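> One predicted model, sequence on top.
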Amino acid sequence: MRIGDMKHKEVINTIDGSRLGYVCDVEIDWTTGRVKTLIIPGPSKMMGLFGRELEYVVPWSNIKKVGEDIILVELATEEFLQEAKF
């Protein structure tokens, strides 16, 4: 699978069934060539009008299944919510 293909897959949290959104970026370990984390935009403020300040940073170890249309992850959402790095 290509990284660009991941951007078209919705990320679902298996703990509470919440939809986190779609992958917007990935972090790669250049020495091993493996994906380290998936970056997903966090909840927006004021119905999305003022942009996003937070993002989910999901380590590869928390990804349980990559399907045809979705990516299943297992995480406590507050723990993996970080300030966005623009």
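Noted; the coordinates are in hand.
> Check which helix or strand V35 maps to.
In the assignment (DSSP states H and E), V35 maps to strand 34-41.
> strands paired with that strand, and their directions?
Within its sheet, and counting by DSSP bridges, strand 34-41 is paired with strand 25-29 (antiparallel), strand 54-59 (antiparallel).
> any chance of those strands in JSON lines, with mean pLDDT too?
As requested, the strands paired with strand 34-41 are arranged in JSON lines below (pLDDT from 0 to 100):
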{"stretch": "strand 25-29", "mean pLDDT": "92"}
{"stretch": "strand 54-59", "mean pLDDT": "90"}
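> Mean neighbour count, those strands: which tops it?
strand 54-59 (a mean of 20; mean count of other CB atoms under 10 Å). No exception for glycine: its C-beta is placed from N, CA and C like everyone else's.
> on that earlier part again, save the strands paired with strand 34-41 as JSON lines, and put in distance to H8 too.
Supplementary listing: those in JSON lines, determined by distance: least, CB to CB, whole Å:
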{"stretch": "strand 25-29", "distance to H8": "13"}
{"stretch": "strand 54-59", "distance to H8": "17"}
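> closest to L72 out of the ones you listed?
Taking CB to CB as the criterion, strand 54-59 is the member of the strands paired with strand 34-41 that comes nearest to L72, at 10.9 Å.
> C-terminal to that closest one, what's the next element?
Once strand 54-59 ends, the next helix or strand along the chain (criterion: DSSP H and E) is strand 63-66.
> so how far is that next one from its chain's centroid?
Between the centre of strand 63-66 and the centre of its host chain there is 11 Å, according to CA atoms, centre = their mean, to the nearest Å.
> Mind giving me the packing neighbours of the next helix or strand after that strand?
Towards the C-terminus, the helix or strand next in line after strand 63-66, according to DSSP H and E, is strand 70-73. In this structure, strand 70-73 packs against strand 10-13, strand 63-66, with contacts taken as 3 or more CB pairs under 8 Å, 6 or more residues apart in numbering; DSSP states H and E.
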